[in-house]
Every structure is written in structure tokens, then in C-alpha cells.
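Enquirer: Let me see the structure of the following:
(one chain, ligands or ions: 1)
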Amino acid sequence: MSLRSIFLPLLTLILFSSCSKVPISNRKQMHLLNEHDLIQMANLQYEEFMTNAEVLPSNHVQSKKIQKIGEKVQHAAESFLKKNGHSHRVDGFAWEFKTVESEVLNAWCMPGGKVCFYTGLIELADNDDQIAAVMGHEIAHAIAKHGNERMSQQLALTGIMKLSGVGQKDSTETKTAFDYVFSGSASLGMLKFSRVHETESDKLGLVFMKLAGYNPNESISFWNKMAEQGGFVPQILSTHPSDETRINDLQEFIDTELDNYVD
Ligand SMILES: [Zn+2]
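Expert: Below is the predicted model:
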């Protein structure tokens, strides 16, 4: 395949796609997939996942905890977005906070605001602040639209989208792209993000949790605790690598920048 045949469609792709800037980092990002379609697919996946999972009833003490922390962080995040002219980032979101019975140390938030916490992770956390740290980070991935961007990057790299399909952005094309990127096995809750995405979510997450009234220093304690889980790698770390650099970056942001965003 000639360079021309690869780049011409890609150039047109970008012209038809939406570009926006991520809050705080001000990084420009490219979205090739229709966000509405992506959210619809995420909602279906969420429903399917919950049908097969052991979901705790809404009056269970752990469910209530996750619901309470989730709503607080969500409201703080939405206020921050409104104040800074980014409200469009939660267009079409229908937040839900569910807790599933599982020893797996994991939590995630799909595009569109569907959140899942596993009891294993809740039990490992020392306090609500640590749960809020994870909540803030996961919600930040959805608000920063990292899912759409991650899929768009994969698609642009592999050049599998055809000129006509992407320009129209119809849901059939999006579905094809979705199937390709995930090969039908992974879910939107299990996406592997880039280091850039992780850093952005760390910072946004700290802002959201602090605005919600939680102690951001507990994020350091929690990620250190996760990194110390000897013997096996907690699932959340397979998609959220936690190393010394990351912990140092978190601490530096707390010490030098965080207050600029929470006044
Ligand atoms: Zn992450």
C-alpha cells in the first residue's frame, strides 16, 4: 500500500473528526468515533456485565458507600467542568455506581459514566478518601474521553477505517471498529490506557476528589498499598501501572499545583 493511499484517508478522517482539549493538561486530542455511539455501546456492555456479575443490592453497606462517594465525586467533577467551560464533556452521560462481589482488586468507569467497584478493592481501602481517589481517577478517564481517544489511536495507526465509513461516522462503522479493537474479548471497562492518559487521570482525579471534600494525600497511600500487594499483580495495576515515578508525580502535583484548581 502506498503512503498516499494510507495518508489521504487518514487526513480526511481527521477533518471529519472532533478535536478538543483535555482540562488541566490542555492537551489536544482527536476523536474519530461518534461519542454518542460509543456511550450506547458502553451502556449495553455495562448491562451485560452486571447481568452476569454478583451485584450487591443497593441497600448493602458497601453499595451505599460507593454510591455516596461516587455521587460526591461526580458532582464535584461536574461543577469543575461547568466553571471551566468543559460541561460538554459529560453530554449524554448517565452516571451509575454499582458494586460487585468479587475478590478482584479492580474498579472502572466506562465512557458515559457507568462505574463498577469490586468488593476486594473496597475492603483493601483504609478509608473513604482512598476509595474517592480511585473513584476520581476512574471518572477522570471517562470525562477526559480516553476510551474514544484510545480506540481512535488504534484505528488511525492500523488505518483500517475506510474514508466513507468514518466520514459518516455511522454506528455500523463504529461497531466494526469497536469489534476490531477489542476482538470481542475485552470491555470498555478494561481498556489499557497510555501513560499520558494515566497522568491526566491522576491529576483530574485529585482535583475531583479534593473538590468533593476528600484528602488527596490518601491517593498516595492507596497506590503504594496496591503496589505492595506481593505475590500477584492486582488487576487494576495491569491497566493502571503504579510505579515510583507515578507516585512521585502525584505527590508533586499535590504539593505544587493542586490548590490552583480547587479554590
Ligand atoms: Zn487509569
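Enquirer: Ser194 against Arg150, yeah?
Expert: Yes - using CB atoms under 8 Å, Ser194 makes contact with Arg150 at a distance of 7.3 Å. For every residue, glycine as well, the C-beta is placed using N, CA and C.
Enquirer: between the two, which one's more packed in?
Expert: Arg150 (18 against 12; other CB atoms under 10 Å).
Enquirer: Quick check: buried residues in the helix or strand that contains the more buried one?
Expert: According to DSSP states H and E, Arg150 maps onto helix 146-158. Neighbour-count burial for helix 146-158 flags His146, Gly147, Asn148, Glu149, Arg150, Met151, Ser152, Gln153, Leu155, Ala156 (criterion: 16 or more other CB atoms under 10 Å).
Enquirer: for these, which one is nearest the ion?
Expert: Checking those against the ion by CB to the ion gives His146 as the nearest, at 8.0 Å.
Enquirer: Now that closest one: closest residue in space, sequence neighbours ignored.
Expert: Once flanking residues are discounted, His146 sits nearest to His197: 4.5 Å by CB to CB, 6 or more residues apart in numbering.
Enquirer: Around the one you found, how many other residues sit close by?
Expert: His197: 24 neighbours (other CB under 10 Å).
Enquirer: ok, it touching Ile143?
Expert: No - between His197 and Ile143 there is no contact under CB under 8 Å: 11.8 Å.
Enquirer: remind me which residues of the stretch 51-200 of the chain are low pLDDT?
Expert: Applying pLDDT under 70 to the stretch 51-200 of the chain flags the ranges 157-187.
Enquirer: where along it do the helices fall?
Expert: 61-83, 119-124, 128-143, 146-158, 163-168, 171-182, 195-211 (DSSP state H, counting those that start in this stretch).
Enquirer: what about dumping the CA coordinates of the first one to PDB?
Expert: Included here for helix 61-83 are C-alpha records, laid out as PDB according to Å, rounded to 0.1, in the frame of the first residue of the first chain:
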ATOM      1  CA  VAL A  61     -23.500  -1.100  53.200                       C
ATOM      2  CA  GLN A  62     -20.700  -1.300  50.500                       C
ATOM      3  CA  SER A  63     -23.100  -0.300  47.700                       C
ATOM      4  CA  LYS A  64     -24.300   2.700  49.700                       C
ATOM      5  CA  LYS A  65     -20.700   3.700  50.400                       C
ATOM      6  CA  ILE A  66     -19.800   3.500  46.700                       C
ATOM      7  CA  GLN A  67     -23.000   5.400  45.700                       C
ATOM      8  CA  LYS A  68     -22.300   8.100  48.200                       C
ATOM      9  CA  ILE A  69     -18.700   8.600  47.300                       C
ATOM     10  CA  GLY A  70     -19.400   8.300  43.600                       C
ATOM     11  CA  GLU A  71     -22.100  11.000  43.600                       C
ATOM     12  CA  LYS A  72     -19.900  13.400  45.600                       C
ATOM     13  CA  VAL A  73     -17.000  13.000  43.200                       C
ATOM     14  CA  GLN A  74     -19.400  13.200  40.200                       C
ATOM     15  CA  HIS A  75     -20.900  16.400  41.400                       C
ATOM     16  CA  ALA A  76     -17.500  17.900  42.200                       C
ATOM     17  CA  ALA A  77     -16.300  17.000  38.700                       C
ATOM     18  CA  GLU A  78     -19.400  18.400  37.000                       C
ATOM     19  CA  SER A  79     -19.000  21.700  38.900                       C
ATOM     20  CA  PHE A  80     -15.400  21.900  37.900                       C
ATOM     21  CA  LEU A  81     -16.300  21.300  34.300                       C
ATOM     22  CA  LYS A  82     -19.000  23.900  34.300                       C
ATOM     23  CA  LYS A  83     -16.800  26.500  35.900                       C
END
